[in-house]
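J.: could you work out the structure for the sequence below:
(chains A and B)
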Amino acid sequence: MRKIDDIFPNIGFIPALIIVVVLAIALELSGAWITMLIAGVFGGLFTRRTSRAFLAGFLGVGLAWGVLFLYLSLTAQAMAIANMFIGLLGLHGIGWLVIAISTLIGALLGGFGGLLGRSLVELIDEVSNKPSSQTTQA
Amino acid sequence: MRYVKKIIKLGLSLVGPFTMIVILTMPIGPLAGGLGILQPIGGIFDVGRSINEPRTQAVSLPGLTADVTVLVDQWGIPHIYGATVHDAMMALGYLHAKDRLFQMVMQNYLASGRISEIVGGYASSSDKFYRTIGLERAAQRTLDWYVANAANPDVAYALDGIDAEVAGVNAFINSMTSTTTPFEFKILGFNPQQWTRLDIFIWAKMMAWGLSGGIYDLYRQWVRSTIGNDTMYDELFPDVMPFEVPIVPEQTNLSIVTYPNAPGGFKASSYPAGSVAQKAAEEAMIPLEKLQALMDELKAVFAPLGQDEILGSNNWVVGSSKSATGEPILANDPHLGYQAPSLWYEAQIVVPGQLNVMGVTLPGLPAVLLGHNDHIAWGFTNVGADVLDIFVEQLNPANTSQYMYNGHYRPLNVYDEIIHTKEGVDIPFEVKESVHGPLIDSAIDTYGLDTESAPNIAMNWTGYGITHEVMSAGILNRAVNLTGYYNALYWWDSPPQNIVYADDAGHIAITCAGRYPIRSGYTGEYPVTALNDSIGMVSNIPYAYIPRSVDPTQGYLQSANQRSIDPSQYGFQLLGPFDDGYRGRRIDYLLNHTASVSVDDMKRFQADSLEVSAQQIVPYVVSAWDSVGDGNATVNGVVDQLRTWNYVMDVDIWTPTLWMHLKDAIHYETLDELRSIDPDLPLSRTPVLEKLIKENNTYYFDDHTTAGKNETRDEILVKALHRALDEMVQQYGSDTSKWIYGELHRVYIDHLAGFTYIGGGPQRGQTTLNAAGGWRVTHGPSWRMVADLSNIQQSYGVYPGGQSGNMFSPHWDDLFKLWYAFNQTTQQYGYHLMYFYPTAAAFQAADTGGTMIETTITFVH
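T.: So this is what the prediction gives:
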C-alpha cells in the first residue's frame, strides 16, 4: 500500500503554506471554525517535520484569517465590531486586540491541525507500511 | 511497541485541538456564545456584512397572495405597497423582525417574565414581578376575546393583521442566517423561538402597563400617613395642580344612543351620582414599614417606560382659523424612556383603495400607532389617570389561601409558574389572585412586616382584563373623518390616551380616550379592604361622555399630560395624578398668542425650551434679593444673570444650572414642615410652591425649626439662593465655566442590553415643551411629528434612533443625529419629510435624483 507521504509529496514549506492559506479561506467561508483544523492538516500532509507541519498550519490559517479580517475591516466594519466586543468586557479602543486574538485562535487551530495531520500520517504510514516492508525484505 | 511512540505522539497532538474546542465553545462571562464567535466568518463579524445590502432584492415570502413592493427610503423607512392588507402586514412583520428582532424578543421576554431565559437567573426577581402582575395572562384573555369575536369585521381585520404580522416575523426567523442573526443573539448565545399571536398582545399589554400602571394608592397613603396632618396633606399634595390649563376647553358629548357603552364595550353608567360620594370602605392602613418596602421594590418595575415624573408627552393642533395654511396642522411628541433600538419603527403601509397610512409602529404590532393617513392625522399623549387600585384582602387566619368576600371565605386562585433560567435552573413560583386581581406581594416578601403571614395585597388594574387597543388602532388607521375617529376610539380602552385629531375637512378634536372606572364605596385614592361586591370598580364612564373637545371656538387644542378637564365643569371623577402643567401652560400660551401658526412654528414650539416654572418664580427671587439681600458682590453677580435670563434652558450658559439648584433649594427652605417629619418625604410639587410664593403663604414660609423667629417669604427665597450657590460651589467649584448647563445636562440613549449608547452630548430643555428631565437625560420626545393637513405630503417626523437594530448600520443612529441637531437660526430641530406616495410608481417617479429611495425589496409570493 502506498504511503500517504508518497501521495502527498514534500513540496516545501512555502507551497504548503500557500495551500493552507487558500484552503483556510475557502473552508472559513462555511462559517465553521472547526474546519481550520482540516486546513491545518494539509500543512501536515505537505511537510515532513512536525515543527514545519505546525508552522504551516499556524501561519497558513493565521494569514488566511488576517486576509479575511483585512477585507472585513475595509468592507464590513470589522474594527467597529471588534471595538464593540471588547467594550463589553469593559475595555475600550483596543478592538485590534480582538482581531489579533481571533487571528491567533485561527492560527492555533491551524497549527494544531498541522500537528494532528502530521502525527496521523506518520502513524497510518507506519501501520500500513509494516506488511509491505516485510514483503520487500522477504 | 514500534507504534507506541507514534500513538503517543498522535495522542499528544490531539490535546491542542481538544483544548481549542473547549475554549471556543465554553461560555465565558457574558459571552455565552464562547470565543468561537470571534472567527471572521460565521461569528459576530457577519453583522457587518449584513449592512451591505444590494439595492434591489427579491425575498420569497410564502403565504402572500401577490408580490409586495417595498421601497426603503434614505432613512431606512419602508414604504410597503401590497395588494391586500394581509400581504402588506406580512411584509411589515418580516421587516420588523429583520430590523428589530432582538428588541422584540427582549421586550416580550421581559413582559412575560422570561428574561432569565436570555440573561440568566439574576433577573429572576424581575420575572417574578412580571409573572405576578400577569401581563401574559392578560394577553391570553384578550387574544381569547378576539378569537371568540372574530365575526365582528373590525376584530377580523385585527386578527388578520396579527396573523400576517406573525407569519412575516416567522418567515424572517426561519430564513435567518449567520449574517442576518442579530449581534446580541450571537453574544448571548440565544436562538429565538417562533412568534405567536400571543406575542403581539403581550407587548401591547406591556405598553399599557408602562403608561397606566402605578402605585399611587400606596404612595398617597405613605405620604399622608407620614405627614399625619390631613390639612397640610391637602394643601401640599392636591390632586388638582394650581394654574393648570385643562386639556378640554369645551366638552363635546356624543350621542349615548350611538355609543351606549364605555370604551372597549364595557358597561357604562350615564350618571355619576353616587359613584364617589359614598365611602363605605375605610382606608386599609398598611404599616409604614411595609408600605416603604413595597414601594422600594416596586418603583423600578412599575416604570418600564420611564419614571412618572418625566414620563409625559405633548400634542396639539390648530384649526383652519389659526393655521397659516388655512387647514389644520397637528403636532405630537410623546415623551418616553429612550432606548436603542427605539420603541418606534417608522413605516408607510399602502393597500390601494383600503389603506394608506404613515407613521410609527411598535415593532411586532401590525398598525401605525402615531401618524397620518391620506385624510386624517393623530397623535397621543398619556392621560396619567389612576386606573389601578389596591385592595387589602382579609385572609382567613386558619387558611391563608382563602380570603373573605361576600360573607364567606373563598379560595385564592393560584397560578404555578416556573421560571426557567439560562443556566438551566427551574425556579418554581406561585402567584395568588383574588377577585380584585393578582396579589402583588406574591413577588415581594413583605408580609412579615405586618400581622399577615401570606400575600394579601391585590392589584385591580383595568389593563389586566380584556383590552381592545390593537383593534382600535386598526380602525383608526382606516378612518377618513370624524365619524371614523369616534368609531375607532370607541374601542380604545387601555391605556388612557389623549388622542388629538385633525382632518382634511378642517376639523380638529381631542379625546381623553380610555376606560375610566366608576368606583363604588371608595375613592380609589388609597388602599381599601373590600369585603363584598358593593365596593369596587362597578362601572365606567360612558364613551359618549368622556372628556372630549371638537372644533372649539378657541381654534386650537393641546395636551401635555395635565388634568383632562376642569373638575367643576365635569360630573364624573377622574383620578390623577396629572402632570404639573407647565408644558400645558406654555403651549397654550404659544398657541393663544400666535395668530397664524405655520408648520415652522410647530417645529419651533416642539423645540421650545423655556422653563415656565423659572419664568414664574425667578422674578420673586430677584425681588427678594433686592429687598433683603446682604449685598454680597458674588451673589449680586449671580442675581444679575438671573435678571437678564430669558428662562430658556440653553446649553451654553450656566443660569439653567443655577435654576435647577435654586428650585430644589426653594422647596427645601420653604417646606421645613415636611422635611422635619421625614427627610424622605417629597417636598411637594413646583406648582404648589409657585402658589405659596405668589400668595405669600406666611405659614409655610416661616421656618418652624427656628424658634422665636418668623421668616418672611423674601428671607426664605434669599436663603434658598445662598443654599443653591453653596451647593454649586461645593459640587462644581467656583469656576463658573464648570457650571455650564450643557456640560452637566447630557442626553444618553442606552442599548437595551447595555452594549452601547447613542448620544452623550449636551441637551437643551428640562421640564419644558422640549422635555429633557433630570441631569442625565434618558427620557424625552421619542417621536416628533408635524402633520400638515393642507398638504399631507409635506408632513415631518423624526425619532431619536434609527430604523435598524444593527448597531453597525448607518441607520442605527441617523435619525438621532437629525433629531438632535438644533438649528440656532430657525430654533428648530431636524426632521425628515415623511415621504407619502400612493403608489410605488409615484414614489419612484418622484425620486428624480436617486436619493430618496435606497433599496427596493420585492416580496415574492
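J.: list the contacts of B:A324.
T.: When contacts are counted by Cβ atoms under 8 Å, 6 or more residues apart in numbering or on different chains, B:A324 touches B:S596, B:V597, B:S598, B:V599, B:D601. Placement of C-beta: from N, CA and C, glycine included.
J.: filter the residues you listed to the buried ones?
T.: B:V597, B:S598, B:V599, B:D601 (16 or more other Cβ atoms under 10 Å in any protein chain shown).
J.: include secondary structure and distance to B:L818 when you put those into TSV, please.
T.: What follows is the buried ones among the contacts of B:A324, written out as TSV (DSSP: H, G, I helix; E, B strand; the rest coil; distance: Cβ to Cβ, whole Å):
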residue	secondary structure	distance to B:L818
B:V597	strand	23
B:S598	coil	20
B:V599	helix	16
B:D601	helix	20
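J.: of those residues, closest to chain A?
T.: Compare each of the buried ones among the contacts of B:A324 with chain A using Cβ to the nearest Cβ and the shortest gap goes to B:V599, at 37.3 Å.
J.: ok, back up a step: how about the buried ones among the contacts of B:A324, which pair is most distant?
T.: B:V597 and B:V599 (8.6 Å; Cβ to Cβ).
J.: who touches both of those two?
T.: Here B:V597 and B:V599 have B:A324, B:I329 as joint contacts, going by Cβ under 8 Å, 6+ apart.
J.: count of neighbours near B:Q730?
T.: The number of residues packed near B:Q730 is 9, by other Cβ atoms under 10 Å in any protein chain shown.
J.: next SSE after whichever strand or helix holds it?
T.: Assigned by DSSP states H and E, B:Q730 falls within helix B:713-732. Tracing the chain past helix B:713-732, the next element assigned as helix or strand by DSSP H and E is helix B:741-744.
J.: using CSV, write down the CA coordinates of that following helix.
T.: Coordinates of each C-alpha in helix B:741-744 appear next as CSV, following Å, rounded to 0.1, in the frame of the first residue of the first chain:
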residue,chain,number,x,y,z
TYR,B,741,-25.6,73.6,31.7
GLY,B,742,-24.5,71.7,28.6
GLU,B,743,-21.6,70.3,30.5
LEU,B,744,-23.8,68.8,33.1
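J.: give me the mean pLDDT for it.
T.: Mean pLDDT, helix B:741-744: 98.
J.: how about the following helix or strand past that helix: buried residues?
T.: Counting by DSSP H and E, the next helix or strand C-terminal to helix B:741-744 is strand B:746-750. Residues of strand B:746-750 classed as buried by neighbour count (16+ other Cβ under 10 Å): B:R746, B:V747, B:I749, B:D750.
J.: which one of those residues is nearest chain A?
T.: B:D750 (13.1 Å).
J.: okay, the contacts of B:A324 in CSV with pLDDT next?
T.: Listed next are the contacts of B:A324 as CSV, based on pLDDT from 0 to 100:
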residue, pLDDT
B:S596, 96
B:V597, 98
B:S598, 98
B:V599, 98
B:D601, 98
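J.: can you name the two of those that are farthest apart?
T.: The two members of those with the most space between them (Cβ to Cβ) are B:S596 and B:V599, at 11.6 Å.
J.: any chance of the contacts of B:A324 in TSV, plus distance to chain A?
T.: Below are these laid out as TSV (distance: Cβ to the nearest Cβ, whole Å):
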residue	distance to chain A
B:S596	48
B:V597	44
B:S598	41
B:V599	37
B:D601	40
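J.: export the residues you listed to TSV and tack on distance to B:A720?
T.: Shown next, in TSV, are the contacts of B:A324 (distance: Cβ to Cβ, whole Å):
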residue	distance to B:A720
B:S596	41
B:V597	38
B:S598	41
B:V599	42
B:D601	36
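J.: tell me where chain A has strands.
T.: Ranges of strands within chain A: none, based on DSSP state E.
J.: okay, now the unreliable bits of it?
T.: A:130-138 (pLDDT under 70).
J.: give me the nearest residue to the residue in the stretch 351-500 of chain B positioned nearest to chain A, chain neighbours excluded.
T.: Per Cβ to the nearest Cβ, B:K422 is where the stretch 351-500 of chain B lies closest to chain A, at 16.4 Å. Counting by Cβ to Cβ, 6 or more residues apart in numbering or on different chains, B:K422 lies nearest to B:G120, which is 4.5 Å off, once chain neighbours are set aside.
J.: burial count for the one you found?
T.: 16.
J.: residue contacts, it?
T.: B:T421, B:K422, B:E423.
J.: format those as CSV; extra columns: pLDDT, secondary structure and neighbour count.
T.: Converted to CSV, the contacts of B:G120 look like this (pLDDT from 0 to 100; DSSP: H, G, I helix; E, B strand; the rest coil; neighbours: other Cβ atoms under 10 Å in any protein chain shown):
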residue, pLDDT, secondary structure, neighbour count
B:T421, 93, coil, 20
B:K422, 88, coil, 19
B:E423, 87, coil, 10
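J.: show me the helices in chain A, by range?
T.: For chain A, the helices defined by DSSP state H cover A:4-7, A:13-28, A:35-45, A:50-75, A:78-88, A:95-137.
J.: that should have said the stretch 751-861 of chain B, apologies.
T.: Ranges of helices in the stretch 751-861 of chain B, per DSSP state H, counting those that start in this stretch, are B:814-820, B:840-846.
J.: give me the buried positions along the last one.
T.: The reference is to helix B:840-846. Neighbour-count burial for helix B:840-846 [16+ other Cβ under 10 Å]: B:A840, B:F843.
J.: near chain A, which residues of the stretch 301-450 of chain B?
T.: Not one residue of the stretch 301-450 of chain B sits near chain A, judged by Cβ under 8 Å from any Cβ of the partner chain.
J.: so where's the stretch 301-450 of chain B uncertain?
T.: Within the stretch 301-450 of chain B, the segments meeting pLDDT under 70 span B:301-311, B:445, B:447-450.
J.: which residues does the residue in it that chain A sits nearest to bridge with?
T.: Here the stretch 301-450 of chain B gets closest to chain A at one residue, B:A340, 12.7 Å apart by Cβ to the nearest Cβ. Using DSSP bridges, the bridge partners assigned to B:A340 are B:H751.
J.: residues touching it, list them.
T.: So B:A340 contacts B:I749, B:D750, B:H751, B:L752, B:T756, B:Y757, B:I758, B:G801, B:M807, B:W812, B:D813 (Cβ under 8 Å, 6+ apart).
J.: next one: A:V41
T.: With Cβ under 8 Å, 6+ apart, A:V41 has these contacts: A:G57, A:G113, A:G114, A:L116, A:G117, A:L120.
J.: check the gap between the fourth one and chain B for me.
T.: Translated: A:L116. Per Cβ to the nearest Cβ, to the nearest Å, A:L116 is found 5 Å from chain B.
J.: tell me, how many residues neighbour residue 88?
T.: Unless you meant another one, I'm taking chain A. Using other Cβ under 10 Å, the number of residues around A:L88 comes to 15.
J.: I was thinking of chain B, sorry if that wasn't clear
T.: Neighbour count for B:A88, taken as other Cβ under 10 Å: 29.
J.: I'd say it and B:D67 touch.
T.: No - B:A88 lies out of contact with B:D67 (Cβ atoms under 8 Å); the separation is 11.6 Å.
J.: returning to what we had before: for the helix holding B:Q730, packing partners?
T.: In terms of contacts (3 or more Cβ pairs under 8 Å, 6 or more residues apart in numbering or on different chains; DSSP states H and E), helix B:713-732 is packed against helix B:612-628, helix B:633-644, helix B:655-670, helix B:698-701.
J.: what comes into contact with it?
T.: By Cβ under 8 Å, 6+ apart, the residues outside helix B:713-732 that reach it are B:620-621, B:623-625, B:627-630, B:634-635, B:638-639, B:657-658, B:661-662, B:664-666, B:668-670, B:693, B:696-698, B:701, B:703, B:711, B:738-739, B:744.
J.: try stretch B:125-135
T.: Contacts of stretch B:125-135 (Cβ under 8 Å, 6+ apart): B:110-116, B:136, B:202, B:205-206, B:209, B:213, B:298, B:301, B:415, B:417, B:419, B:429, B:431, B:433, B:438-440, B:442-444, B:459, B:461, B:464.
J.: mind listing what's buried in that stretch?
T.: Neighbour counts over stretch B:125-135 (16+ other Cβ under 10 Å) mark B:S126, B:D127, B:K128, B:F129, B:Y130, B:R131, B:T132, B:I133, B:G134, B:L135 as buried.
J.: that'll do, ta.
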